[in-house]
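Student: Return a 3D structure for these sequence lines:
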Amino acid sequence: MKKFLTILAMFASLALIAAACGSTLDEAAETATDAAGDAADAVDEAMEDDEAMEDDEAMEDDEAMEDDEAMEDGDAMAEHLGDGSLGTVIVEDGAEVQIRSLNAISGDVAFLGLPNQRGVEQAVVDYGDIKGFSVTSGEGLDDLCSADGGQAAAQQIVADEQIVGIIGTSCSGAATAAAPLISDAGMVMISGSNTSPALTSDQQGNAGPDWRVGYYRTAHNDLFQGAAMAEFVFNELGLTSAAAIHDGDPYTNGLADAFANAFSELGGEVTSVTGVAKEDTDMVPVLTEVAAGSPQALFFPIFQPAGDFVADQAGGVAGLEDTVLLAADGLLNDGFMGLEQSVGIHFSGPDTRFGTNTNQSTGVSAEDFLATYEANNGSAPEAPFWGHSYDATALLLDAIDAASWVDGDGNLNIDRQGVRDHLNSVRGYEGLIGTINCDDFGDCGSQKITIIEHLDAADIPASQANVVFEYAPQ
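Tutor: Numbers count the residues shown, from 1 in each chain. Coordinates of the predicted model:
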């Protein structure tokens, strides 16, 4: 504006000078008019120049702001894991981070899946927000403890691109069908109770036939459970012959084989490894076949209801009257242990003597968890993998936090590859179950196994605390 006033003053002065130098009034007027016109033109040109300068300055300011915002977004991205190769989940401002629980919550194996699901839900509450965004596990999905159930639920999950990861499945058989779909979708899956070696590795550096990238578990690998039971039978009970029964499921088949292989390596004689159908009720034909080998011990790591019939009918088969019966975590539940025929059986399973162990992400101890669980559900968990599912959930939420950033629009961006990167790097994590270290094939569990002797169907907690052997890998 100062430029405009200066130009006007200059031309006005020229007009006065012309008049003072003897010009006629008409000439002076004409001169003044010309001067005013020139001044107006000069003003227009000056205003155009200033407007252009202002436009240039505004553009520069906008570009600078955009560059600053881009730099801020870049800095935020640089601080978090992932290279974008599996895509990014964008959670809009005000929306929730989506994870899911996929466990057996109906049917004969609901005793296993329900405590797992409740562990997931409790961990979500205890963990809280991720960068100001709340988390939901949605409605629990049912794996039905079967390949068909796992596949159907996985198809439903991968159809929703907002879901980042899944805690589940309960059963290894369901995982073999679900894991390929979850993996191909760029998601992650962390199980609290899958134990089949086929899902991870042989612990010798070789991937199992059902291993998929993006699959993890906090449950133990059954190679360790099989070794624990074999050592107990051979070294502690002093028995030198044994048989095993499975039901064709990846969990039961894998554990029966793990036991048989470990028992043979110790010098024991494996008289038979045979199968029953899950729906069988008459076990006498199979038990008669087993009895032909005169085993001193019979290991049947199967589920209910088939396990009920094996335990009930074994003592009545000639040749098995004095055979020691052994079961595993598939039957380590209140429903089976409440049956009279279960008394006297030895059970292997995860070491659940968690005491005051505390999850480092939530600050909640095992004692705190159990108190809240009982207050919410009216009883203690019926199966042993509740702590594993709680820790699995906390690990997933940590991974989402490590692989995410908030952009300039207030949205949370979650890098799917970054979630896997974090889980692959987990070492020395302190959870309810103890110290967690994830290997190259997704085995993250503490691998500690205990064996209990069941003494009283009317006092299950006392039997669960009656540890007669404990095992931890070297």
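
Student: Any buried residues in stretch 154-162, and which?
Tutor: Neighbour-count burial for stretch 154-162, counted by 16 or more other C-beta atoms under 10 Å, picks out 154, 157-158. (Glycine included, C-beta is placed from N, CA and C.)

Student: List the strands paired with the helix or strand containing Ser272, with their directions.
Tutor: Under the criterion DSSP states H and E, the helix or strand holding Ser272 is strand 269-275. Partner strands for strand 269-275, per DSSP bridges, with pairing direction: strand 241-246 (parallel).

Student: which residues touch the partner strand?
Tutor: 233, 252-253, 255-257, 259-260, 263, 268-276, 286, 290, 293-302, 310 (C-beta atoms under 8 Å, 6 or more residues apart in numbering).

Student: try it again with 6 Å
Tutor: Counting by C-beta atoms under 6 Å, 6 or more residues apart in numbering, the neighbours of strand 241-246 from elsewhere in the structure are 233, 252-253, 256, 259-260, 263, 269, 271-275, 290, 293, 295-300.

Student: repeat for stretch 147-155
Tutor: Defining contact as C-beta under 6 Å, 6+ apart, one finds that stretch 147-155 is touched by 102, 141, 143, 169, 173-174, 177-178, 181-182.

Student: what about Ala95, how many neighbours?
Tutor: The local packing count at Ala95 equals 14, with neighbours defined by other C-beta atoms under 10 Å.

Student: is it fair to say Trp405 lies in a strand?
Tutor: Yes: counting by DSSP: H, G, I helix; E, B strand; the rest coil, one finds Trp405 located in a strand.

Student: quick one: secondary structure of the closest residue in space to Gly330 that isn't next to it in sequence?
Tutor: Take Gly330 and drop its neighbours on the chain: the residue closest to it by C-beta to C-beta, 6 or more residues apart in numbering is Phe303, 4.7 Å away. State at Phe303, reduced to three classes by three-state DSSP: coil.

Student: where's the closest residue to Ser85 other than its chain neighbours, which helix or strand?
Tutor: Counting by C-beta to C-beta, 6+ apart, the nearest residue to Ser85 once its immediate chain neighbours are dropped is Gln417, at 5.0 Å. Gln417 belongs to helix 416-424 when elements are defined using DSSP H and E.

Student: immediately after that helix, which helix or strand?
Tutor: By DSSP H and E, the next helix or strand past helix 416-424 is strand 429-431.

Student: count of residues packed around Ala465?
Tutor: Taking other C-beta under 10 Å as the criterion, the count of residues near Ala465 is 11.

Student: Now do the phi/psi pair for it.
Tutor: Here is the backbone geometry of Ala465 (degrees, to the nearest 10): phi -90, psi -10.

Student: what lines up beside the helix or strand containing Phe347 in the sheet?
Tutor: Element membership for Phe347, per DSSP H and E: strand 346-350. Sheet pairing for strand 346-350, assigned by DSSP bridges, gives strand 324-327 (parallel), strand 449-453 (antiparallel).

Student: who wins for proximity to Val91 among these?
Tutor: Shortest distance between Val91 and the strands paired with strand 346-350, using C-beta to C-beta, is found for strand 449-453: 39.5 Å.

Student: What lies in contact with that closest one?
Tutor: Outside of strand 449-453, the residues that reach it under the criterion C-beta under 6 Å, 6+ apart are 224-225, 228, 232, 346-348, 351, 466-471.

Student: ok, of the residues you listed, which one's closest to Ala328?
Tutor: Each of the contacts of strand 449-453 was checked against Ala328 using C-beta to C-beta; the closest is Ser348, at 5.0 Å.

Student: check contacts around the closest one.
Tutor: For Ser348, the residues meeting the contact criterion (C-beta under 6 Å, 6+ apart) are 225, 228-229, 328, 449, 451.

Student: Tell me the bridge partners for it.
Tutor: On the basis of DSSP bridges, Ser348 is bridged to Ile451.

Student: Please tell me how far it sits from Leu287.
Tutor: Distance check for Ser348 against Leu287: by C-beta to C-beta, to the nearest Å, it reads 21 Å.
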